[in-house]
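[1] Sequence and predicted structure are below.
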2 protein chains.
Amino acid sequence: MFTKLCRPVPSINFRTVKCFCKPRQLNKYYNIIARANCSASSSFLCDKNVIFVAGLGDIGLDTSKELLKRDLKNLVILDRIDKPELVCELKELNPKTKVTFMPYDVTVPIAESKKLLKKIFDKLKCVDILINGAGILDDHKIEATIAVNYTGLVNTTTAIMDFWDIRKGGPGGIICNIGSVTGFNPITQVPVYSGSKAAVVNFTSSLAKLAHITGVTAYTVNPGITRTSLVAKFNSWLDVEPDVAELLLEHPTQSTKECAASFVKAIEKNKNGGLWFLDQGILEDIKWDKHWDPCI
Amino acid sequence: MFTKLCRPVPSINFRTVKCFCKPRQLNKYYNIIARANCSASSSFLCDKNVIFVAGLGDIGLDTSKELLKRDLKNLVILDRIDKPELVCELKELNPKTKVTFMPYDVTVPIAESKKLLKKIFDKLKCVDILINGAGILDDHKIEATIAVNYTGLVNTTTAIMDFWDIRKGGPGGIICNIGSVTGFNPITQVPVYSGSKAAVVNFTSSLAKLAHITGVTAYTVNPGITRTSLVAKFNSWLDVEPDVAELLLEHPTQSTKECAASFVKAIEKNKNGGLWFLDQGILEDIKWDKHWDPCI
């Protein structure tokens, strides 16, 4: 059963058991311990106003459902395409939470993002959490991948600072950016996508360290391979591996439900600078190597 | 003198001396050892055809000069702005090397990049090395930073694969991408720039692992803080630190000449997958942490 060391176990407080497992296959014991360590504060999200960019996506939709179990005050879903039946379904899940949908394409100019956010802030008065989850996975589309996965996320983040930055009299806020495990170590067959996610991870780690200036804290949730429509079939860069999706799915994965459960636990942990690794139903906080320090 | 551990020393084969130093100040001993380990093969570049994107920039110009000491056959410099007096100066440095300048903006559509590369390949017949060095540092300019530092580099790399990819009957080639130490750990005050460089580091590490398919090897050279016009004055994200340039330059830096010397040594080492760290006149190959493995 335990034939090969799969990866380091950085954040588990259990020093007597070593984790040996097959590639991308975790042992059950480790799984249980990890879950036990992630005891979330279930009241944290109660009465909060949350904006969720791409809250109708594959991971997004199940995460929205999971969020709705926490008695939010408002869940504002921004997504490129309206899916009225899904929004209706979400609205019916919890009468305590007001679910709103507004169309939003993260590749619009930043002025457009600010205009949309102004509408939301005018209506809700305060917003507690912004989740940036827009992403595409198609290494035939270089510009679109980078524009959505990185530029769009940076622009949406920058736009909300107009309302949150304590230097402008704002109240601060919390940014939850969806990165990916490929931001840590790439899926080499999709180098453009992986690079865009490395950008998200690095960018967000900076935001966290600027929190004392802006009042805005930040962390990433980085899903491992999750069984979504995104992953079911996608193009590799220059078709270096036409069967990349199939190959990836031959190894252990997680469901969108498992991912969503870890996702909301990470939000509830609310750790500024957290580098959350969400894989096969477990949640870990990665420690990043320090190769240099600008000392400023 | 040695008051604080500045950073780990990952690639130095000298286990009895620990490196304690002031922040961003390396001790002399370490410096000498590192240099000794980087004994370059000085004939490697002789008679090679090299394309250098941004070869007239601050680091670029001194690197071009250093390259010209190696008796290249051709040095084709692609840069946004022609600087005829600098090109003349380079042409006069070594009569054995033909220096050519061609205007190139990395943000053009990929079809334009391919057209330009076709002209070069038609003329030279073969190209051995592509150096991607275009970069801007200005966190007020989100779109431009990402378009130049990441998208432009990906597009130029993708464009040259038409000529190099062994699957298309090409001869293979070598890609040298200029990353930055901020791709390892960010300068938090310029999160957009730092993120774009993390993307370059991650992207290039994928290219290296695809070399068995494409025939194209790749590595990054990642300069530390180098005294260039780029670094002399630049904008931080949302002005979180208006004096970021001054603060950065208060700590030890390197000259463009020191950087260029390490740069060309890294090229001569020609290590597929190299993650070269060029700081304060020294050259190290960084070992990247493995947080997960897609196993494909």
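    Received, thanks.
[2] which ones are touching A:L275?
    A:201, A:205, A:219-220, A:222, A:285-288 (Cβ atoms under 8 Å, 6 or more residues apart in numbering or on different chains). Bear in mind the C-beta positions are built from the backbone N, C-alpha and C, glycine included.
[3] Which of those residues are buried, as a ChimeraX select command?
    Selection of buried members from those for ChimeraX, criterion 16 or more other Cβ atoms under 10 Å in any protein chain shown:
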select /A:201,205,219,220,222,285,286,288
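[4] pLDDT and distance to chain B added to the contacts of A:L275, as TSV?
    TSV is the format used below for the contacts of A:L275 (pLDDT from 0 to 100; distance: Cβ to the nearest Cβ, whole Å):
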residue	pLDDT	distance to chain B
A:V201	98	7
A:S205	98	6
A:Y219	98	14
A:T220	98	11
A:N222	98	9
A:D285	98	11
A:I286	96	6
A:K287	97	9
A:W288	97	7
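[5] Narrow the contacts of A:L275 to those in helices?
    Judged by DSSP state H, the contacts of A:L275 include A:201, A:205 as members of helices.
[6] Please list the members of the contacts of A:L275 that lie in strands.
    Under the assignment DSSP state E, the contacts of A:L275 contribute A:219-220, A:222, A:285 to strands.
[7] Just name the closest of those to B:F101, please.
    A:T220 (42.1 Å; Cβ to Cβ).
[8] Just list the residues touching the closest residue in space to that closest one that isn't next to it in sequence, thanks.
    Distances taken as Cβ to Cβ, 6 or more residues apart in numbering or on different chains place A:G179 nearest to A:T220, at 4.0 Å, with adjacent residues excluded. Counting by Cβ under 8 Å, 6+ apart, A:G179 makes contact with A:197, A:200-201, A:204, A:220-222.
[9] what does A:L86 give?
    With Cβ under 8 Å, 6+ apart, A:L86 has these contacts: A:56, A:61.
[10] roughly how far apart are it and B:G274?
    Going from A:L86 to B:G274 by Cβ to Cβ, to the nearest Å gives 47 Å.
[11] Repeat that for A:A245.
    30 Å.
[12] When these two are compared, which one has more neighbours?
    A side-by-side neighbour count of A:A245 and B:G274, using other Cβ atoms under 10 Å in any protein chain shown, places B:G274 first with 23 against 20.
[13] In this structure that one contacts B:Y219, no?
    Yes: between B:G274 and B:Y219 there is a contact under Cβ atoms under 8 Å: 3.6 Å.
[14] Quickly list what's touching both of those two.
    Joint contacts of B:G274 and B:Y219 (Cβ under 8 Å, 6+ apart) are B:208, B:266.
[15] Whichever strand or helix holds A:E66 - what's its average pLDDT?
    In the assignment (DSSP states H and E), A:E66 maps to helix A:58-68. The pLDDT scores in helix A:58-68 average 97.
[16] Next SSE downstream of that helix?
    Immediately after helix A:58-68, counting by DSSP H and E, sits strand A:74-79.
[17] Name the nearest residue to the residue nearest to the spatial centre of chain A, ignoring sequence neighbours.
    Nearest to the mean C-alpha position of chain A, by Cα atoms, centre = their mean, lies A:I178 at 2.2 Å. Computed as Cβ to Cβ, 6+ apart, the closest residue to A:I178 that is not its neighbour in sequence is A:G133, at 4.4 Å.
[18] gap between the one you found and chain B?
    Separation of A:G133 from chain B (Cβ to the nearest Cβ, to the nearest Å) stands at 17 Å.
[19] same deal with A:F263?
    17 Å.
[20] same thing with A:A198?
    From A:A198 over to chain B (counting by Cβ to the nearest Cβ), the distance is 3 Å.
[21] what does A:T256 give?
    For A:T256, the distance to chain B - Cβ to the nearest Cβ - is 19 Å.
[22] got it, and A:V87?
    From A:V87 to chain B the distance is 30 Å (Cβ to the nearest Cβ).
[23] wouldn't that residue be in contact with A:I77 here?
    Yes: the pair A:V87 / A:I77 is scored as a contact, 7.0 Å apart, by Cβ under 8 Å.
[24] Common neighbours of these two, please.
    Counting by Cβ under 8 Å, 6+ apart, the residues touching both A:V87 and A:I77 are A:56, A:99, A:101.
[25] got a winner among these for most neighbours?
    Most crowded among the shared contacts of A:V87 and A:I77, counting by other Cβ under 10 Å, is A:V99 at 22 neighbours.
[26] Strand partners (parallel or antiparallel) of the helix or strand hosting that one?
    Using DSSP H and E, A:V99 sits in strand A:98-103. Strand pairing for strand A:98-103, determined by DSSP bridges: strand A:74-79 (parallel).
[27] Next, report how far the partner strand is displaced from the centre of its chain.
    Computed by Cα atoms, centre = their mean, to the nearest Å, the chain-centroid distance of strand A:74-79 equals 15 Å.
[28] Report the angle between it and helix A:58-68.
    170 degrees (axes from the mean of the first three to the mean of the last three Cα atoms, to 10 degrees).
[29] Helix or strand next in line after strand A:74-79, which one?
    Strand A:74-79 is succeeded, C-terminally, by helix A:84-93 (DSSP H and E).
[30] Give me the angle between that following helix and strand A:74-79.
    Going by the same axes, to 10 degrees, helix A:84-93 makes 170 degrees with strand A:74-79.
[31] List the buried residues in helix A:84-93.
    Quick answer for helix A:84-93 (16+ other Cβ under 10 Å): A:86-87, A:90-91.
[32] Off-centre distance for it?
    That offset, for helix A:84-93, works out to 22 Å (Cα atoms, centre = their mean).
[33] Check A:A266 and give its pLDDT.
    Reported pLDDT for A:A266: 98.
[34] quick one: it and chain B, what's the gap?
    A:A266 is 16 Å from chain B, by Cβ to the nearest Cβ.
[35] Three-state assignment for that residue, please.
    helix (DSSP: H, G, I helix; E, B strand; the rest coil).
[36] tell me the contacts of it?
    A:176, A:219, A:221, A:274, A:276, A:278, A:283.
[37] Out of these, which comes closest to A:I120?
    Of those, the one sitting nearest to A:I120 (Cβ to Cβ) turns out to be A:C176, at 16.3 Å.
[38] and the closest one, that's in a strand?
    Yes: the assignment for A:C176 (three-state DSSP) places it in a strand.
[39] quick revisit: for the residue nearest to the centre of chain A, give the beta-bridge partners.
    A:V221.
[40] if I pick the residue lying closest to A:K119 once chain neighbours are set aside, what's in contact with it?
    Spatial nearest neighbour of A:K119, excluding adjacent residues (Cβ to Cβ, 6+ apart): A:M102 at 7.6 Å. A:M102 sits next to A:76-78, A:116, A:119-120 when contact means Cβ under 8 Å, 6+ apart.
[41] List buried residues within those residues.
    Counted by 16+ other Cβ under 10 Å, those give A:76-78, A:116, A:120 as buried.
[42] which residue ranges form the helices in chain A?
    Using DSSP H, helices in chain A cover A:28-37, A:58-68, A:84-93, A:110-124, A:142-146, A:153-164, A:191-209, A:211-214, A:229-232, A:244-249, A:256-269.
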